[in-house]
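Q: Could you work out the structure for the sequence below:
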Amino acid sequence: MATILSGKEVAASLSERLTAQAARLAQHGVTPTLAILRVGERPDDLAYERGAVKRCEKLGVNVRKLTLDAACTQEDLMGAIQTVNEDAGIHGCLMLRPLPKNLDEHAACEALRPEKDVDCITSGSLSRVFTGKGAGYPPCTAQACVEILDHYHCVLDGQKVVVVGRSLVIGKPAAMLLLARNATVTICHTHTRNLAEECQKADVLIVAAGKAGAVDGSCVSRGQVVIDVGIHVSADGTMCGDVDFPSVEPLAGAVTPVPGGVGTVTSTVLAGHVIEAAAKAAGVKLEP
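A: Coordinates of the predicted model:
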């Protein structure tokens, strides 16, 4: 039976540190502030927004909501981003995506100042993830994977890590974060030959395939640490991940649950990025 890597426990540990950092900023008259830019009222956007607001406010991060109609123009969107860029009281911006198809999402992402890009939507932030230099922050979900591994004292140095998924949102950035920790990283995807065999070779398996049940027990070897990034809602309304939990859990050494795993940590990482951005803007050094 695998050890369950609870995201709630990780989030609680991070929250303790972040609350202390926010309190230190308050002593300097600084309130970390996140702008959430939402276009339209997609149910998943609203759900993510509610979770982010709740977590941020609990940690001492103020939230400003910037909402636009789904039928807004590109000019409206760019104007909202300019407002964020020019407001010194806003330290980070979360733009909920995907945007409506009539809008140029790439142009909107690139318009945001990298130092306020707390979820890695700009080329500047991606550059920092891949080179270690520049402004911006890694994607919150990718960093959440690393935070979970760190919290449970999973050794990364010299270990073989397989990442299933190659998106710029999770797969590739997660691989770079792990490579920076001296892991030996293999990225797999839908065209990988003998995917199960590749996955079985890993000490740590991170699954961000974007498909429910993409990895099952045939892909897992005994004792592996398995991080499931996926979140899906089945026809009966229950939630599941990219990992087929019933077949993987008896084999793995440790595994994250869905719900209650990576997603639980992501909003806490977001708040942490805002606090860090506020500290940098104010020139305040925070305790690690």
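
Q: Strands of the stretch 51-200 of the chain, residue ranges please.
A: In order along the chain, the stretch 51-200 of the chain carries the following strands (DSSP state E, counting those that start in this stretch): 62-68, 92-95, 160-164, 184-188.

Q: nearest to Cys56, of these?
A: In this view, the strands of the stretch 51-200 of the chain are compared for proximity to Cys56 by CB to CB, and strand 62-68 is the closest at 5.2 Å. For every residue, glycine as well, the C-beta is placed using N, CA and C.

Q: any idea of the mean pLDDT in that closest one?
A: Here strand 62-68 scores 98 as its mean pLDDT.

Q: Now render the strands of the stretch 51-200 of the chain as CSV, adding distance to Leu205 and mean neighbour count.
A: Output for those, formatted as CSV (distance: least, CB to CB, whole Å; neighbours: other CB atoms under 10 Å):
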stretch, distance to Leu205, mean neighbour count
strand 62-68, 35, 16
strand 92-95, 29, 26
strand 160-164, 5, 24
strand 184-188, 10, 19
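
Q: Take those and write them to TSV, including distance to Ser247.
A: Compiled in TSV, these are given as follows (distance: least, CB to CB, whole Å):
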stretch	distance to Ser247
strand 62-68	40
strand 92-95	35
strand 160-164	15
strand 184-188	18
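
Q: quick one, domains of this structure?
A: 21-119, 140-263 (automatic domain parsing).

Q: can I assume Tyr137 is in contact with Lys116?
A: No: in this structure Tyr137 lies outside contact range of Lys116 using CB atoms under 8 Å: 9.7 Å.

Q: any common contacting residues for these two?
A: When contacts are counted by CB atoms under 8 Å, 6 or more residues apart in numbering, Tyr137 and Lys116 have Ala277 as shared neighbours.

Q: pLDDT below threshold where in the stretch 151-288 of the chain?
A: Low-confidence segments of the stretch 151-288 of the chain (pLDDT under 70): none present.

Q: residue ranges for the helices of it, please.
A: Per DSSP state H, counting those that start in this stretch, the stretch 151-288 of the chain has helices spanning 171-179, 195-200, 245-248, 262-282. These are given in chain order.

Q: got the angle for the last one vs strand 62-68?
A: Read that as helix 262-282. With axes from the mean of the first three to the mean of the last three CA atoms, to 10 degrees defining the directions, helix 262-282 sits at 100 degrees from strand 62-68.

Q: export the domains of the chain to TSV and tack on distance to Gly283?
A: What follows is the domains of the chain, written out as TSV (distance: least, CB to CB, whole Å):
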stretch	distance to Gly283
domain 21-119	9
domain 140-263	24
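
Q: Just say which of those domains is most tucked in.
A: For the domains of the chain, the largest average neighbour count (mean count of other CB atoms under 10 Å) is found in domain 140-263, namely a mean of 19.

Q: wouldn't Gly210 be in contact with Arg166 here?
A: No: counting by CB under 8 Å, Gly210 stays clear of Arg166, with 10.3 Å between them.

Q: How far does stretch 275-288 sit from its chain's centre?
A: The chain centroid and the centroid of stretch 275-288 are separated by 20 Å, computed with CA atoms, centre = their mean, to the nearest Å.

Q: What of stretch 43-63?
A: Put simply, stretch 43-63 sits 14 Å off its chain's centre (CA atoms, centre = their mean).
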